[in-house]
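> Sequence first, then the predicted structure:
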Amino acid sequence: MICKYIAPFVPDLRAAEEFYGRLVAMDLLFREGKRDGAWAALRPGESWDDVKAAGAELLMVALRRGAFVLALFQGTPTPGTVVEICLGLEPEEIDAVLARLPEDGPLLDEPGGEIKFEDPFGFCRTLQAPDAPFVSPAALAGRWLY
C-alpha cells in the first residue's frame, strides 16, 4: 500500500500552490473550478491572471512530485482537516475492502477499479491501483472553466 495523494483544505489556494511548489519542488499538474455546478478545468498554459481576467474562481490545484500528488482545495480548514486521502492497493485488495464495507455503509462512488467511501471518522477515502494516474476528469471530458 502506498499513499498516492492527500487533499487538504487551504485558505489561500494561490499562496499554497506557490509555497508547496517552491518548498518541495512540486510541479503543477492542473487547476480546476466549478462552472454551472460541475468541475471544470483550467486549460493548460493559462495563469492565475487569466482566471482573474475571466472572472472565474479556482477551487482546486493539483501539484505533483514523482508519483505523489498534493491536491489543494480552497477552504478554511480546521487543524488536521483534509478533503480526501487516496491509497494505492492492488485490485484484489480493493475488492476485499469493498467486501468488508457494511452493506449500508458509506460507499460514495465505485468508478472503474476504484472505490470512494467515507470512513467512520469523517474522512473521504479513495482506494485505487498504485499505478492509476491522477487526472482531471473535467479536462478529459472537455469541461473548461471558461
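That came through fine.
> where along the chain do the strands fall?
Counting by DSSP state E, the segments of the chain that form strands are 2-10, 27-35, 38-41, 58-65, 68-74, 82-88, 107-109, 115-118, 124-128.
> Comparing these by mean pLDDT, which bottoms out?
Among the strands of the chain, strand 107-109 carries the lowest mean pLDDT, a mean of 73.
> contact partners of that one?
Applying C-beta atoms under 8 Å, 6 or more residues apart in numbering, the set of residues contacting strand 107-109 from outside is 98, 101, 115, 116, 117, 118, 124. C-beta coordinates here come from the backbone N, C-alpha and C atoms, glycine included.
> Could I get the contacting residues of residue 119?
By C-beta under 8 Å, 6+ apart, the contact set of residue 119 is 106, 125.
> quick one: it from residue 97, how far?
According to C-beta to C-beta, to the nearest Å, residue 119 and residue 97 sit 11 Å apart.
> Which pLDDT value belongs to the residue in the chain sticking out farthest from the centre?
Distance to the chain centre peaks in the chain at residue 103, reaching 26.2 Å (criterion: C-alpha atoms, centre = their mean). At residue 103, the model reports a pLDDT of 75.
> wait, which of the contacts of strand 107-109 is closest to residue 135?
Among those, residue 116 lies closest to residue 135 (C-beta to C-beta), at 15.1 Å.
> tell me which residues form a beta bridge with that closest one?
Per DSSP bridges, the residues bridged to residue 116 are residue 109, residue 126.
> could I get the strands of the chain as TSV with mean neighbour count and distance to residue 139?
What follows is those, written out as TSV (neighbours: other C-beta atoms under 10 Å; distance: least, C-beta to C-beta, whole Å):
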stretch	mean neighbour count	distance to residue 139
strand 2-10	17	17
strand 27-35	18	6
strand 38-41	18	4
strand 58-65	20	11
strand 68-74	20	14
strand 82-88	18	18
strand 107-109	12	19
strand 115-118	17	19
strand 124-128	20	18
